[in-house]
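Asker: make a model of this:
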Amino acid sequence: MKAIRIKQPAGLDNLQYVDIDDASAPGAGEMLVKIHASSLNFHDYAVVTGRTNPADGRIPMSDGAGVVEAVGEGVTAFKVGDHVVSCFFPDWQDGPATIGDFLRTPGDGIDGYAREWVTKPTSWFTHAPEGYSHVEAATLTTAGLTAWRALVVNGGLKAGDTVLVLGTGGVSIFALQIAQSMGARVFATSSSDAKIERLKTLGAEQTVNYRSHENWGENVLEWTEGRGVDHIIEVGGPATLPQSITACRIGGHISLIGVLTGIQGDIPTANFMRKQQRMEGLIVGSRRHQQEMITAINATGLKPIIDREFALSELADAFRHEESGKHFGKIGVII
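Answerer: Okay, the predicted model is just below:
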């Protein structure tokens with residue numbers, strides 16, 4: 001079967017499109033899945049460019065969606081023909097978070113879904129949403145579930161809440177859509193006026209270009225009559241966090257889920273303490289969270305925004321497109 005492997009030294013020029021052995025027949029509790037699609041995340045970019053020091057020959061990509069082709073003995077939750085989507089943390093099934101690394105994350109510590117077939121335990125997948133294409137389903141593993149956990153599981157989002165999303169990447173767009181589907185008001189930032197117009201068409205109530213308004217936290221306070229927003233999807237990290245603290249209300253909730261501007265930096269601790277905010281670091285979510293999200297998607301009809309689709313053999317070009325920052329929403333890969 002066809003697959004992508006990372007050849008050391010890692011980098012986009014060292015992604016190799018190769019033939020590897022076919023997946024094995026499923027054993028007890030396993031199923032054989034034909035992978036039809038994946039999608040790009042910043043985490044995947046960090047892997048393929050060597051930031052996470054991946055093993056030589058590693059198969060990248062944490063997101064995988066496809067069709068069950070065969071099931072092993074004792075499998076009752078899935079049947080041949082079911083459309084399924086992978087889980088980011090296959091060992092985190094339910095309950096509080098117990099994993100703080102990527103040693104067992106497909107596409108990082110172990111081989112991922114940049115290949116045509118996999119044989120895995122059924123617990124590594126959930127059913128895909130009804131009516132979703134494989135590319136649409138593949139966007140849920142990392143980006144969709146991160147936004148869901150930040151707002152709904154940890155944030156307790158409710159109708160009438162205010163939400164601020166930063167930028168137009170996959171997590172931020174999902175957060176905008178989830179918030180709107182639950183009756184919340186959404187504000188957004190971007191560095192592109194063209195993207196700001198698209199955010200407005202998706203229902204962003206107020207927007208600001210953070211390049212032309214460096215103190216954009218003050219803009220958010222103006223929009224909320226000095227109160228600040230209830231929830232912030234903080235994907236930037238150290239360079240954006242001070243403005244997020246300004247923009248968030250007293251007692252508000254900041255989900256720290258990205259490091260786009262670096263892995264460490266200064267934090268205005270006095271302002272954060274004064275505003276008595278709750279800041280939570282989080283990485284994606286559990287299989288149970290994913291199942292609950294998909295139940296909600298089936299009820300609301302939410303569909304992800306797909307920017308572009310690339311063939312598996314064009315994976316390096318897909319990452320170059322992500323690297324350019326021109327995308328809006330998710331970048332898909334057809335396998």
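
Asker: which SS class is the most centrally placed residue in the chain?
Answerer: The C-alpha lying nearest the average C-alpha coordinate of the chain belongs to residue 143 (CA atoms, centre = their mean; 1.3 Å). Three-state call for residue 143 (DSSP: H, G, I helix; E, B strand; the rest coil): helix.

Asker: neighbouring contacts of the one helix or strand residue 321 maps to?
Answerer: Element membership for residue 321 (DSSP states H and E) is helix 315-324. Contact with helix 315-324 is made by 4, 12-13, 15, 17, 40, 42, 44-45, 48-49, 60-61, 114, 307-308, 310, 327, 331, 333, as judged by CB atoms under 8 Å, 6 or more residues apart in numbering. C-betas here are computed from N, CA, C, even on glycine.

Asker: try it again at 7 Å.
Answerer: The contact list for helix 315-324, computed with CB atoms under 7 Å, 6 or more residues apart in numbering, reads 4, 12, 15, 40, 45, 48, 114, 308, 310, 327, 331, 333.

Asker: distance from the chain centre to the next helix or strand after that helix, please.
Answerer: Later in the chain than helix 315-324, the nearest helix or strand by DSSP H and E is strand 330-334. Distance, stretch centre to chain centre, for strand 330-334: 12 Å (CA atoms, centre = their mean, to the nearest Å).

Asker: ok, which pair from the contacts of helix 315-324 is furthest apart?
Answerer: Within the contacts of helix 315-324, 4 and 327 form the most distant pair, 19.5 Å apart (CB to CB).

Asker: tell me what the helix or strand where residue 220 lies is packed against?
Answerer: Using DSSP H and E, residue 220 sits in helix 216-223. If you count contacts as 3 or more CB pairs under 7 Å, 6 or more residues apart in numbering; DSSP states H and E, helix 216-223 packs onto strand 185-190, strand 206-209, helix 241-247.

Asker: winner for burial among these?
Answerer: Ranked by mean neighbour count under mean count of other CB atoms under 10 Å, the helices and strands packed on helix 216-223 are led by strand 185-190, which reaches a mean of 25.
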